[in-house]
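[1] Okay, predicted coordinates and the sequence, questions at the end:
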Amino acid sequence: MAPRGLIAPLALSLAALACANIQPPPGGPPDTEPPELVGTFPESLAVLPGFHGAVEFRFNEVVSEGSQPSQGLGTGDLERLVILSPTTQVPEVRWHRRRISVRPAEGWQPNRVYRVELLPGVADVRQNRGKAEAVITFTTGAPPPRDTLSGRVYDWRAGRPAAGALVEAVLEPDSLPYRGLADSSGSFRLGPLPRGDYLVYGVIDENKNRQRDPREAWDTVRIAADSLRPAELYAFVHDTAPPRIASVTATDSLTATITFAQPLDPFQRLDPGAATLRRLPDSTTIPVRTLAQRDSAAPAADTTRALRRPPLSDRLTLRAGEPWHPGDRLELEIAGVRTVTGVTGTVRAPLVIERPKPGRVPSDTGRRAPAADSLRPGPGGAERSPP
């Protein structure tokens with residue numbers, strides 16, 4: 001049994017220990033605030049002849065270098081957040097705890113206007129990702145820039161604005177590329193830029209490498225130095241192959257849908273006389289009444305109104321003057337088909353009308369059948385002649 005004189009101090013110690021157990025853990029509450037941009041260098045629109053330093057973005061806390069460090073390949077987490085113009089090389093992006101520095105790989109060139117853009121997405125060491133963004137524009141001796149290019153990029157095939165599209169404005173005749181990104185509505189403002197004529201590209205940058213790759217959709221427009229009109233760019237894949245039939249489907253005994261491997265020129269109007277439909281083996285001609293384009297994928301009504309061009313289509317609808325029947329072997333030929341890139345050619349396809357499955361009744365009256373027959377390429381597949 002403890003001496004009576006020690007009971008009171010022991011009770012106080014136990015009470016203090018109990019109170020200590022309900023205190024907040026050391027270090028306080030976790031940090032959930034993203035880093036804030038508190039400064040940049042140099043000042044925007046500064047004229048700095050002989051500049052050899054680095055552009056800096058400064059934060060109020062240590063920022064994360066990311067899981068992928070910058071190695072000059074454009075794949076680093078911080079490299080993806082910086083757009084340096086004008087240059088065709090990946091810039092040198094370095095992490096300095098609370099600072100991010102940027103230099104061109106080839107060094108600062110004299111008498112040039114530079115634009116350095118920091119995109120949202122810089123995170124702290126707890127991965128709190130911020131929305132801070134900034135643009136620094138300065139010159140290494142050239143006059144301060146004053147002009148701004150604006151416009152909108154559309155995904156023409158999808159019939160909607162191209163959110164986050166890459167915008168590249170090439171200053172002529174020096175071929176200096178200035179780059180930026182469109183916002184969520186496809187709109188962009190790029191500037192201030194030096195006065196001059198520009199060739200402006202709008203690119204749907206699918207792999208996010210800030211380059212216009214061969215299979216990516218893009219469009220271009222030339223903007224004169226004194227033009228203030230917003231540019232409209234309708235991006236599509238610039239396939240230079242001749243037109244080719246991908247498939248043909250009959251919706252009834254008089255109507256067929258012809259799908260091509262490329263989108264067609266939306267301004268082309270094909271005469272029914274351009275199509276020849278023959279029944280084999282005697283080559284009896286089946287008259288063609290109509291030959292018209294139809295949308296490959298109808299876009300939403302609210303986005304269609306925003307487009308100033310007709311929607312892209314990869315389909316033609318053919319309507320015959322007399323019915324075909326299950327088991328018929330046909331040959332289709334269409335002359336003068338033009339793709340959206342302007343390549344013109346004659347397409348041919350041997351076809352067979354497949355017999356309906358049991359329980360399905362074909363229509364020979366021009367009315368829509370309960371189930372569609374199919375026209376499939378016969379032996380030898382689709383053919384085409386060179387443009």
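    Received the coordinates, thanks. Quick caveat: nothing in here was measured; it's all calculated off a predicted structure. Residues are numbered from 1 along each chain as shown.

[2] how about the residue nearest the centre of the chain, what does it touch?
    Central residue of the chain (Cα atoms, centre = their mean): I204, 2.3 Å from the mean position. For I204, the contact set (Cβ atoms under 8 Å, 6 or more residues apart in numbering) comprises V153, D155, A162, A165, L166, E216, A217, W218, A235. Glycine gets a C-beta too; all of them are placed from N, C-alpha and C.

[3] Quick one: which of those is the most crowded by neighbours?
    With neighbours taken as other Cβ atoms under 10 Å, the top of the contacts of I204 is V153, carrying 31 neighbours.

[4] I'd like the contacts of I204 as CSV, with secondary structure, distance to P35 and pLDDT appended.
    Putting the contacts of I204 into CSV (DSSP: H, G, I helix; E, B strand; the rest coil; distance: Cβ to Cβ, whole Å; pLDDT from 0 to 100) gives the following:
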residue, secondary structure, distance to P35, pLDDT
V153, strand, 30, 97
D155, strand, 33, 96
A162, coil, 30, 97
A165, coil, 27, 97
L166, strand, 26, 97
E216, coil, 33, 95
A217, coil, 35, 96
W218, strand, 34, 97
A235, strand, 34, 97
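
[5] Okay, and the beta partners of R222?
    For R222, the beta-bridge partners are L199 (DSSP bridges).

[6] For it, the count of nearby residues, please.
    The number of residues near R222, taken as other Cβ under 10 Å, comes to 12.

[7] now swap in D213 and tell me
    So D213, with other Cβ under 10 Å, has 11 neighbours.

[8] Which strand or helix spans it?
    D213 belongs to no helix or strand when assigned by DSSP states H and E.

[9] From S227, how far off is the closest residue to it other than its chain neighbours?
    Distances taken as Cβ to Cβ, 6 or more residues apart in numbering put N207 closest to D213, at 6.8 Å, once the chain neighbours are dropped. Remark: distance between N207 and S227 (Cβ to Cβ, to the nearest Å) = 32 Å.

[10] Which one's more surrounded, those two?
    Using other Cβ under 10 Å, the more surrounded residue of N207 and S227 is S227, with 13 against 9.

[11] so G345 bridges to which residues?
    Taking DSSP bridges as the rule, G345 bridges to V337.

[12] burial count for it?
    As a burial measure, G345 scores 18 neighbours (other Cβ under 10 Å).

[13] Out of the contacts of I204, which is nearest to A54?
    Ranked by distance to A54 (Cβ to Cβ), the contacts of I204 are led by L166 at 24.8 Å.

[14] Which residues are in contact with that closest one?
    By Cβ under 8 Å, 6+ apart, L166 lies in contact with R179, L181, A182, Y201, G202, V203, I204, D205, R210, R212.

[15] Ranking by neighbours, what's the top pick from those residues?
    G202 (29 neighbours).

[16] Just want the phi and psi numbers for that residue.
    Reported as degrees, to the nearest 10, the phi and psi values for G202 are phi -120, psi 120.

[17] my read: it touches G180, true?
    No: applying Cβ atoms under 8 Å, one finds G202 not in contact with G180, separated by 10.8 Å.

[18] what touches both of those two?
    Common neighbours of G202 and G180, using Cβ under 8 Å, 6+ apart, are V167.

[19] domains in the protein, as residue ranges please.
    With automatic domain parsing as the criterion, the domains of the chain are listed as 37-139, 147-235, 245-384.

[20] Determine which of the ones you listed shows the lowest mean per-residue pLDDT.
    Sorting the domains of the chain by mean pLDDT places domain 245-384 lowest, at a mean of 78.

[21] quick one, strands of the stretch 151-300 of the chain?
    For the stretch 151-300 of the chain, strands defined by DSSP state E, counting those that start in this stretch occupy the ranges 160-161, 166-172, 176-181, 187-193, 197-203, 218-223, 231-235, 245-250, 255-264, 275-280, 284-286, 288-294.

[22] what about those, which gets the closest to P104?
    strand 176-181 (12.0 Å).

[23] which other helices and strands contact that closest one?
    Here strand 176-181 touches strand 82-85, strand 166-172, strand 187-193, going by 3 or more Cβ pairs under 8 Å, 6 or more residues apart in numbering; DSSP states H and E.

[24] what is the orientation angle of the second one with strand 197-203?
    Spelled out, it's strand 166-172. If you take axes from the mean of the first three to the mean of the last three Cα atoms, to 10 degrees, strand 166-172 sits at 160 degrees to strand 197-203.

[25] So which bits of strand 166-172 are buried?
    Along strand 166-172, these residues count as buried under the neighbour rule (16 or more other Cβ atoms under 10 Å): L166, V167, E168, A169, V170, L171.

[26] Relative to the whole chain's centre, how far out is that strand?
    Distance of strand 166-172 from its chain centroid, counting by Cα atoms, centre = their mean, to the nearest Å, is 16 Å.

[27] Okay, now the sheet partners of that strand, with direction.
    In the sheet, strand 166-172 lines up against strand 176-181 (antiparallel), strand 197-203 (antiparallel) (DSSP bridges).

[28] Kindly report the same for the shortest one.
    According to DSSP bridges, strand 82-85 has the following sheet partners: strand 113-118 (antiparallel).

[29] so what secondary structure elements neighbour the very next helix or strand once past the partner strand?
    Downstream of strand 113-118, the next assigned helix or strand under DSSP H and E is strand 134-139. Packing partners of strand 134-139 (3+ Cβ pairs under 8 Å, 6+ apart): strand 37-41, strand 113-118.
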